[in-house]
Every structure is written in C-alpha cells, then in structure tokens.
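Novice: Sharing a model prediction with you, sequence too.
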2 protein chains.
Amino acid sequence: MATTGKRPTLRDIADATGLSVAAVSYALRGERVAPETVERVRAVADELGYTADPVARALRGGRTGTVGVLVGSLADFWQQTLAHAIQRELRAQGIQTLLADADGDPAQELALARRLVDQRVDGLIVAPIGPAGGVWAQISERVPLVTIGGRLHGAATVGEVVFDQTAGVGEVLRHLHTLGHRRIAVLSWAVAISPDRPTEAAVREQAAALVLDCEIVPCAYSLDGSRPLALEVLERPDRPTAVFATSDAIAYGALHGCRELGLDVPGDVSICGFDDHPLSRLVAPSLTTASWDTDRVARAAVGFLAAHLAGEADGQRTVIEPRLVVRESTGPVS
Amino acid sequence: MATTGKRPTLRDIADATGLSVAAVSYALRGERVAPETVERVRAVADELGYTADPVARALRGGRTGTVGVLVGSLADFWQQTLAHAIQRELRAQGIQTLLADADGDPAQELALARRLVDQRVDGLIVAPIGPAGGVWAQISERVPLVTIGGRLHGAATVGEVVFDQTAGVGEVLRHLHTLGHRRIAVLSWAVAISPDRPTEAAVREQAAALVLDCEIVPCAYSLDGSRPLALEVLERPDRPTAVFATSDAIAYGALHGCRELGLDVPGDVSICGFDDHPLSRLVAPSLTTASWDTDRVARAAVGFLAAHLAGEADGQRTVIEPRLVVRESTGPVS
DNA sequence: ATGAAAGCGCTAACAG
DNA sequence: CTGTTAGCGCTTTCAT
C-alpha cells in the first residue's frame, strides 16, 4: 500500500533498494536477470504498489497495451453491441480499449483515427463509414489496422472482417420478392456522403437482378433519426409495400413510424432489418432481419490484431456469412 | 501536408523557422506573443500538419483533453445509451472520451479507474457499481471525479448526479400495489456483491411501507443474463404476480422468459422496468418503466466536470427525478 | 550483473 | 520578445 499521495516511480524503487533505475527497470521485466535481485525488486515494487506509467512508456516508444476501436456511430444499437463485444474480447487478451465514436461523420472518423494514433495505440480496429483514402494509407503505416465491414483499399491492413453483403442483401430482397413485394424503400445510412458503400452497391445490383423497384432513401442511423424519414416515405401516395432498413436501429424507427400512422405491420407494409440486434426478437412485431454473428466478428477482429502483435501471420481475412431470420415483420403483399 | 512518414514535432517547426523549440511552443499557444512571429509559426505548423503530441503533453503534466468514462456494464442497454450520450456531450465541449466498461465486476471497476488515472485523464465520470472505499478517496485526490447514480462517500467529488431512487422505486411499487399486486419479484443486479446499493435499499424500505411481499433476486445485467433467472422465478409454483426489474435490459430478459413459458403479459404476470430505454416503447408488450432523462444526466455530469476544469464551482449536485411511464406490460392482478 | 546517460516531445522557470 | 535549461518516467545503448 502506498501511503503517500504520489504515484511511485522507478526512482522510488531504486532508492528503496539501493539499485539504479535501469537495474530496476530490467529486474521488473526479468530481463538481465539476477535471480535474487529480481525477487527483492518485485517485493519492493509490490509493497509500494508500483505500476509502470503507461504515458511514459508510450512516449518512450514501447507498447501501450491499448488499442483503439473506432465505430461509425454509437447511436446505432448494433454498433453498441459490437463495440461492447470487441471491448470484452480485447480485455480477455489483457488489452485496454480506447473507444471512439465518429457519430456518423466521416471527417470525424479521420480526425479520431489520427488522434488515436497520436495516443500511441498498439493497433486500431475500425468499422469505417467514410471512403478509403490517402490518410488511411498513412495511418496504416503507423499502426496495425483491422477493418470490420467496409474495406479500406490502399491501406495496409493486418486483418479484415468483411460481411458478405451481396449474400445478405440478396437473402433479404429475395425473401421480399417471394412474398410478392416489388416496390421497396431501402432506408440506408447517409448514401450521400459515401455513395460507394458496399451495402448500397449490393442493393442496386440485387434489385436489378430481381427486377425490383428499389428506392434508396438516405437517413440517419438512430431510431429517432430514421423515424422522420420513415414517416415521409410511408405517407406517400404510392407507399412502398416493404421497407428494407440497412440496420435494425433504422428499422425500429420505421416500426415506430408505422405505429404512429396506424399502419399494420406486416399487413399494410413489411419491414426488414439488417443486423439482428438482440432486441429484434422482442419488438412488436418481431423483426425479420439478416443476422451477422456479432461475437464472431469481434473475435475475428481482435484475433487478427492479437496475432499481429504476437508477430504471427498478417493480412488475414474472414468473411462473415449472413443468416436470414424470418420473424413477424414481413408478410405477403396484400 | 506532411510528405514524410514521421509526425512533425516542435523541433521541426523550430528548424524551419529558425526559432527555438520553446519559442515555437509559446507562439503556438499565443502566449508570449510576437504578433508576426505567431503568424509565421502558425503558417509553418499548418503546412507541416503539426499537432501537439498528447502523450508528451500528458507526461509533462498538462491537460490531456481526455476524460475517462467508467460504466458498470455495457451489457446493459441503458448504460450503452448513457455512455453514448456522455461521449457526445463531451465532444461538444471539445473533450476526448476514454470509455471503460467494468463489465459488472467491482474489482475491474477499481482497476480501470486506476488505469484511467494513470493515463492522465483530466477527469473521471463514473457510474459506480462497487462500494465506496479508500481507493476511491485516493483517486479523487488525483483527478476530479463526477459520479452518476451511486455516490462514493469519502471521495471528494466535484459533482454528483443522483437518481431519486426512493421516488422511482416508490412510483413503481405504488403502481403495482394499486393494480392489486402483493407478491413481487425484484430482479436486480448483483445484490450479493454490493448489498447496500441505493436501489435495493429503496426497494426494502418502500416494500415495507406498502406491506408488499418483495423478494429481491440477484441477477446479471444483460438480457441473456437475466433470462434464466427470470425463468427460474416464473416457473415456481407460487409465481409472483409481478416482476420489477431494476433495469430495462433485465426486464427484457423477463419478457423473453414469459414468452418462452407461454405466459401472458400482463394477463398472467406484470412486468416493470426501470430506466426507459428507447426501445421499451417498441417491445411487445411495451414496457412500463421509470424514466430518468438520460440526456439530462449526461449534460449534468459533463457540465459539472467542465465547470470544474474551467475553475468554476465544485461540489455540485443534481437530483434526477423519475417519471413513471405506464405502458402495456403492467395490468391488474387477475 | 549493474550503473550512467541519452532521449522520446513537450512546457515552464529563468535568463538575456 | 526570445533562447537556454531542466525535467516529466521510462527504456536502451554503452560502459564498467
């Protein structure tokens, strides 16, 4: 137990043992071992409650034991779940998490990535929302990078977790097609900002293949953000028979909108989500959605980073396959 | 634009301008101003893409522009929402967030708090789950502390956001009492670990006042964690007529349990939550709960900290009053 | 096997 | 108004 108010430093241990700072530094890491000196130093360190100062370590240039996790928007419920899962997985590896939230803004995303690099994170796990670009390439030079979802072309990642968007979107659209839906509104996050996102590309491609009339409506991530957009779409005279939201959180907003307008789901309109948040089986009606196995995503991402930090294989890649979960919110067109 | 692969430092600017490192440092902060030198330095800095190294700053002892946010468990949906709200509020103040998740473990909570202090956060916002204790007192000596929910007696906080638990629990229990419920199971987080938590204390007190038969059942935070406990309680021969969960996430688990057992809510059993997560109005049946105005909580907590950092008033305190939101999940005992 | 010293990038005395 | 110097706590040559 430290009795004083100040944090003990190597200096303190050195003084207490009569050794030099350097010797203590070595001893604590058992490097240039002196069997019994190590013993003595460890004892004193424990007694003083010594912990290496992570900041000094970082400045010196060593590992910080911290990795940055950068998500597109914590307003999105599924990303909250993902962030939690990643964090838990990192801690299981004894790694500290620095979680940052771009809040839907690609510029913020870049700024935060830079900031995290500045903080000397040992690695960066990012579920990118903005486009790839030179900045990401620079970042990937400074710190090992693992991407989830979107890929960052040009950046040297040590691992990629990608979703099979084509399969996911395909499953959903085929499901709706089978039920007789032909005019579908696709509520998706911020198409305007990042027009080449894989999900939207997959939508266009699959819609064409199935000869579906899919209109992509840009909208905010969160429940409250998507509700007004959903209302707008649902009140049109030529209301679509189905709404496909590219995240469950957005679908919740649509569900809420339907409730406000007195529309029956799936009687009047079918609604489909996209990531299978744990609550999607509990909302009313329960939500049909494509499920992505969040835990596996987290485990893979952290695994890639941990492998790299341990000096093992790089450039790994996992493709996560979707599983269509049909629940109550979709039905035949009436 | 930096052309090289290395981060520019004060040294680089100094060389480029022919000034000393110190002069540049001053100039950049416009401190010992030399009107036109400042201009020149700023220009070069921008051109080089200079940003002060937060790690070096931290080691030196200045502000880091980062505050730590420590929550009890990110498995709890409402705490996810809270964390997001706080983070957003902090960023509005230009402050970076270091979010840590104790994952329901008081020991982790303490370890993480220490770690955050080690990282030189400018302040700590904590929604404590563990008991107050000497360690917290020490921590509060090193860094301004704001608590949310639980209070940490003995620790010198610069602000406290407290929930009026007595009122909240009272509203809920009176509501259930009015509906005729007398035997109520209270699902609450980890009573075993931290027996003196205010919520549980309030439950005991209010239950006694209303002559209710309240059994407090310890259970995990998350949906999946609470489900088995809920099942266990609901399958008893003397099944309670109502379940009061001390967080909405726990209530969702109970809801799920009821569905599995084919119990009608609120026909067979009433269920009540406690924090009004945004999705509680969308689950089926929609959840009766006590609402705490998350945004106000976040704003108050961040406000207290910001005020302190700006050298303004300390020891502030806000009491958040509950609002009982009666929805579909509670009904008269049959 | 241990010690002395340099340096990571920055800020704050203390000169000039 | 600007330069010199010291030092935050740690790791790592280079000597001993």
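Specialist: Everything's here; your move.
Novice: Up against chain B, what does the stretch 201-334 of chain A have?
Specialist: The stretch 201-334 of chain A comes close to chain B at residues A:223-224, A:252, A:255-256, A:259, A:278-279, A:281-286, as judged by C-beta under 8 Å from any C-beta of the partner chain. In short, each C-beta sits where N, CA and C put it, glycine included.
Novice: Which ones among these map onto helices?
Specialist: Counting by DSSP state H, these place A:223, A:224, A:252, A:255, A:256, A:259 in helices.
Novice: which non-adjacent residue is nearest the third one?
Specialist: Leaving aside its chain neighbours, residue A:252 sits nearest to residue A:223 (4.8 Å; criterion: C-beta to C-beta, 6 or more residues apart in numbering or on different chains).
Novice: and if you look at the second one?
Specialist: In space, not counting the residues next to it along the chain, residue A:224 is nearest to residue A:253; the distance is 7.0 Å by C-beta to C-beta, 6+ apart.
Novice: Residue A:45 is in contact with residue A:28, isn't it?
Specialist: Yes - in this structure residue A:45 lies within contact range of residue A:28 using C-beta atoms under 8 Å: 6.3 Å.
Novice: more crowded one of the two?
Specialist: residue A:45 (21 against 16; other C-beta atoms under 10 Å in any protein chain shown).
Novice: So the helix or strand hosting that one, near DNA strand D or not?
Specialist: According to DSSP states H and E, residue A:45 maps onto helix A:35-48. No - Helix A:35-48 lies out of reach of DNA strand D by C-beta under 7 Å from any atom of the strand, never closer than 9.8 Å.
Novice: how about that helix, does it reach DNA strand C?
Specialist: Yes - residues of helix A:35-48 contacting DNA strand C under C-beta under 7 Å from any atom of the strand: residue A:37.
Novice: and that helix, what other elements does it pack with?
Specialist: Applying 3 or more C-beta pairs under 8 Å, 6 or more residues apart in numbering or on different chains; DSSP states H and E, one finds that helix A:35-48 makes contact with helix A:10-17, helix A:21-28.
Novice: Just the mean pLDDT for the first one, thanks.
Specialist: It stands for helix A:10-17. Averaging pLDDT along helix A:10-17 yields 93.
Novice: repeat for stretch A:198-206
Specialist: 88.
Novice: so which residue of chain A comes closest to DNA strand C?
Specialist: Across chain A, no residue is closer to DNA strand C than residue A:34, which sits at 2.5 Å (C-beta to the nearest atom of the strand).
Novice: Could you measure from that residue over to residue B:164?
Specialist: Residue A:34 is 60 Å from residue B:164, where distance means C-beta to C-beta, to the nearest Å.
Novice: For those two, indicate the residue with more neighbours.
Specialist: Neighbour count, other C-beta under 10 Å: between residue A:34 and residue B:164, residue B:164 has more, with 17 against 14.
Novice: Near chain B, which residues of the stretch 51-200 of chain A? Just list them.
Specialist: Checking the stretch 51-200 of chain A against chain B by C-beta under 8 Å from any C-beta, the hits are A:51, A:53-56, A:58-59, A:74-75, A:77, A:80-81, A:83-84, A:87-88, A:91, A:96-101, A:103, A:114-115, A:118-120, A:138, A:141-142.
Novice: ok, and which of those reach DNA strand D?
Specialist: A:53, A:56, A:59.
Novice: Turn the residues you listed into a markdown table, including neighbour count.
Specialist: Below are those laid out as a markdown table (neighbours: other C-beta atoms under 10 Å in any protein chain shown):
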| residue | neighbour count |
| --- | --- |
| A:53 | 19 |
| A:56 | 15 |
| A:59 | 18 |
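Novice: buried set for stretch A:177-185?
Specialist: Residues A:177, A:179, A:181, A:184, A:185 are the ones in stretch A:177-185 that count as buried (16 or more other C-beta atoms under 10 Å in any protein chain shown).
Novice: circling back to that earlier point, the residues of the stretch 51-200 of chain A next to chain B in strands, which ones?
Specialist: Judged by DSSP state E, strands contain the following of those: A:96, A:97, A:98, A:99, A:100, A:101.
Novice: okay but the third one is in contact with residue A:70, surely?
Specialist: Meaning residue A:98. No - applying C-beta under 8 Å, one finds residue A:98 not in contact with residue A:70, separated by 9.1 Å.
Novice: Quick one: neighbours of residue A:145, just the number.
Specialist: So residue A:145, with other C-beta under 10 Å, has 28 neighbours.
Novice: Please name the residues that touch it.
Specialist: A:123, A:124, A:126, A:136, A:139, A:152, A:155, A:156, A:157, A:158 (C-beta atoms under 8 Å, 6 or more residues apart in numbering or on different chains).
Novice: Which ChimeraX command selects the buried ones in the residues you listed?
Specialist: A single ChimeraX command selects the buried members of the contacts of residue A:145 (16+ other C-beta under 10 Å):
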select /A:123,124,126,136,139,152,155,157,158
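Novice: How much space separates residue A:181 from residue A:332?
Specialist: Between residue A:181 and residue A:332 the distance is 9 Å, computed by C-beta to C-beta.
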